[in-house]
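I need the structure of the sequence given here:
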Amino acid sequence: MYKSLINKEKKIAVVGLGYVGLPLALELAAHMQVIGFDINSNRIAMMQRNEDPSKEVGAAMFEGKEIVFTDDVNVLKEASFFIVTVPTPVDHHKVPDLTPLQKASETIGKLLKKGDYVVYESTTYPGCTEDDCLPILEQFSGLKGKVDFKIGYSPERINPGDQQHTLSNTIKIVSGCDEESLKEIAAVYEAVVKVGVHRAPNIKVAEAGKIIENAQRDLNISLMNELSMIFDRIGINTFDVVEAAGTKWNFHKYTPGLVGGHCIGVDPYYLTYKAQQLGYNSKVIASGRFVNDEMPRYVAKKIIQHIIKHAPNAAQAKVLVLGATFKENVADIRNSKVADMVKELLEYNVTVDFVDPHADAAEVKHEYGLTLANGIDKGYDAIVLAVAHHPYTAFTEEYLLSIANEQALFADLKGIYRNKISKLKYWSL
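The predicted structure is shown next:
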């Protein structure tokens, strides 16, 4: 398979062109003929103009690549090697929603030919590729998996907004349904991953290896969030404590914060869901998720408590929230815990000006029912630095004072302005 792809006798398709799929498709297109497929016609139109809807890839990355962007299933038929990079969200009850994965598998199943390959990159629980996706491929193709066609799993390791740890310089986990598929899948990824790949012994190990990356980070951050609540009652700054503890060689520096985004805030639920299916109720992982999910409410309560005590007119209080995306300097708003915090604040009937230099206002409205303000006003009783976008890390205290009421609170959730604020009331996690 690999030789046919690299010799451009066969084509490779990437199904789902979000922040994972598009960079992968463009890297592959420097070596092979690629079909970039997405069901969103508006996104396809942007990519045909060399524009990345996620704002992660510059126009130069599109140049000189053998790639066709399409939402036409008939074009997808030309592929022999399919890579699935669709989202794997959870529903309102924190239960895994496999709908995008199932729909993608159904679409590909209808097109599969003998000898084809299907590799999944979407983060999910161990067993999902073989137990949930493979039967769909077989059902709609009429073919027998592992005999007529091969499957594999190679989890994405894209970090939005990170220009240092990229696809090409981050070791990629690969797996296949047998020795032959592992060899061919590894060769495909080795063409674009300069630092090489790690061959997992089977698909379930590759799935588990990915999901515990995020579960581990989630747990570490939840510990810091719980510590921040304790240290707040003691009257000491968590970031000061982390700095002090960090002088020990084996201390890992994690910091408190709102845990959103697709990976850390979602993936652990896939693991606890699988554990429940097997008769085990997670304790540690579930506890960490509970702490992190409660942080928006905790922060909102702290802000409201200050307003009640210090605002000249609490009934007409105004709050400025800086940042709507799930992390700094990206446009991705998925699972934004800042939005959850804003909703908590609105429950107290305060006026909230919600701003972000990167987020799309229409997406925020559609996803959360919240309206982004056109700009920053004045007369705020609380200013919340929720996301450390570059524009928000260069404010002077004089500027903050100019837009704040007397006795206003500056809630610096990221600790960016620690030891830099002397005139405003300052609080951080």
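
looking at the protein, which residue lies furthest from center?
residue 312 (39.8 Å; C-alpha atoms, centre = their mean).

Can you pull the phi/psi pair for the residue sitting nearest the centre point of the chain?
By C-alpha atoms, centre = their mean, the chain has its centre lying nearest to residue 262, at 3.3 Å. Main-chain torsions, residue 262, degrees, to the nearest 10: phi -80, psi -30.

where does it land on pLDDT?
At residue 262, the model reports a pLDDT of 74.

ok, now residue 142?
Residue 142 is given a pLDDT of 97.

883 is where my numbering starts, stick with that
Shifting the count to begin at 883 puts that one at residue 1024.

ok, now how distant is it from residue 996?
Using C-beta to C-beta, to the nearest Å, residue 1024 is found at 10 Å from residue 996. (Each C-beta comes from the backbone N, C-alpha and C, glycine too.)

now do residue 1168
Distance check for residue 1168 against residue 996: by C-beta to C-beta, it reads 44 Å.

Could you identify the longest strand within the chain?
When the chain is parsed with DSSP state E, its longest strand is strand 1286-1294.

after it comes which helix or strand?
strand 1307-1309 (DSSP states H and E).

buried stuff in that following strand?
Neighbour counts over strand 1307-1309 (16 or more other C-beta atoms under 10 Å) mark 1308, 1309 as buried.

mean confidence score for it?
Here the average pLDDT along strand 1307-1309 is 96.

Name the surrounding residues that touch it.
Strand 1307-1309 has contacts (C-beta atoms under 8 Å, 6 or more residues apart in numbering) with 1184, 1188, 1192, 1289, 1290, 1291, 1292, 1293, 1294, 1299.

Isn't residue 1018 up against residue 989?
No - contact criterion C-beta atoms under 8 Å: residue 1018 and residue 989 do not qualify, at 9.8 Å.

where does this protein dip in pLDDT?
Where the chain drops to pLDDT under 70, the residues are 1044.

Verify the contact between residue 897 and residue 968 for me.
Yes - assessed by C-beta under 8 Å, residue 897 is found in contact with residue 968 at 6.6 Å.

what is in contact with the two at once?
903, 986.

can you pull out the helices in the stretch 983-1132 of the chain?
Counting by DSSP state H, counting those that start in this stretch, one finds helices in the stretch 983-1132 of the chain at the ranges 1010, 1016-1023, 1061-1072, 1085-1116, 1120-1127.

Dump those helices to a markdown table, plus distance to residue 1031 and mean neighbour count.
Shown next, in a markdown table, are the helices of the stretch 983-1132 of the chain (distance: least, C-beta to C-beta, whole Å; neighbours: other C-beta atoms under 10 Å):
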| stretch | distance to residue 1031 | mean neighbour count |
| --- | --- | --- |
| helix 1010 | 18 | 24 |
| helix 1016-1023 | 7 | 18 |
| helix 1061-1072 | 9 | 19 |
| helix 1085-1116 | 14 | 19 |
| helix 1120-1127 | 50 | 16 |
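
Please produce TSV containing those, extended by distance to residue 1032.
Listed next are those as TSV, based on distance: least, C-beta to C-beta, whole Å:
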stretch	distance to residue 1032
helix 1010	17
helix 1016-1023	11
helix 1061-1072	4
helix 1085-1116	11
helix 1120-1127	47
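
nearest to residue 1225, of those?
Closest to residue 1225 of those, according to C-beta to C-beta: helix 1085-1116, at 18.9 Å.

tell me the angle the closest one makes with helix 1120-1127.
Going by axes from the mean of the first three to the mean of the last three C-alpha atoms, to 10 degrees, helix 1085-1116 is angled at 110 degrees with respect to helix 1120-1127.

How far does helix 1085-1116 sit from its chain's centre?
In terms of C-alpha atoms, centre = their mean, to the nearest Å, the centre of helix 1085-1116 is found 15 Å from the chain centre.

Domain ranges for this protein, per the record?
The record, using automatic domain parsing to delimit domains, assigns the chain the ranges 884-1083, 1099-1309.

Roughly how far does residue 897 sit from residue 1066?
For residue 897 relative to residue 1066 (C-beta to C-beta), the value is 18 Å.

got it, and residue 1176?
From residue 1176 across to residue 1066, the span is 46 Å (C-beta to C-beta).

Please apply the same query to residue 1242.
On the measure of C-beta to C-beta, residue 1242 and residue 1066 end up 39 Å apart.

ditto for residue 1237
49 Å.

before we move on, what about residue 1217?
Counting by C-beta to C-beta, the gap from residue 1217 to residue 1066 is 35 Å.

and the residue farthest from the centre of the chain, what helix or strand is that in?
When elements are assigned from DSSP H and E, residue 1194 belongs to no helix and no strand.

from what I can see residue 1031 touches residue 1001, true?
No - counting by C-beta under 8 Å, residue 1031 does not reach residue 1001; the two are 11.3 Å apart.

quick one on the thing from earlier: tell me, how many neighbours does the nearest residue to the residue nearest to the centre of the chain once chain neighbours are set aside end up with?
Nearest residue to residue 1144 in three dimensions, chain neighbours excluded: residue 1216, at 5.1 Å (C-beta to C-beta, 6 or more residues apart in numbering). Residues contacting residue 1216 under the criterion other C-beta atoms under 10 Å number 19.

mind listing what residue 1216 touches?
By C-beta under 8 Å, 6+ apart, the neighbours of residue 1216 are 969, 971, 1142, 1143, 1144, 1208, 1249.

what's the offset of stretch 911-921 from the middle of its chain?
22 Å.

So residue 888 sits against residue 1073, correct?
Yes - applying C-beta under 8 Å, one finds residue 888 in contact with residue 1073, separated by 6.7 Å.

Give me the more crowded residue out of residue 897 and residue 968.
Using other C-beta under 10 Å, the more surrounded residue of residue 897 and residue 968 is residue 897, with 28 against 24.

beta partners for that one?
residue 919, residue 966 (DSSP bridges).

what separates it from residue 957, distance-wise?
12 Å.

anything in contact with each of these two?
Joint contacts of residue 897 and residue 957 (C-beta under 8 Å, 6+ apart) are residue 919.

residues in contact with residue 1123?
Contacts for residue 1123 (C-beta under 8 Å, 6+ apart) come out as 1109, 1113.

That one and residue 1254: what is the separation?
In terms of C-beta to C-beta, residue 1123 sits 34 Å off from residue 1254.

Can I get the host helix or strand of residue 886 in PDB, CA atoms only?
In the assignment (DSSP H and E), residue 886 maps to helix 884-888. This file holds the C-alpha atoms of helix 884-888, laid out as PDB (Å, rounded to 0.1, in the frame of the first residue of the first chain):
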ATOM      1  CA  TYR A 884       2.700   2.500   1.000                       C
ATOM      2  CA  LYS A 885       4.600   2.100  -2.300                       C
ATOM      3  CA  SER A 886       1.400   2.600  -4.300                       C
ATOM      4  CA  LEU A 887       0.700   5.800  -2.300                       C
ATOM      5  CA  ILE A 888       4.200   7.200  -2.500                       C
END
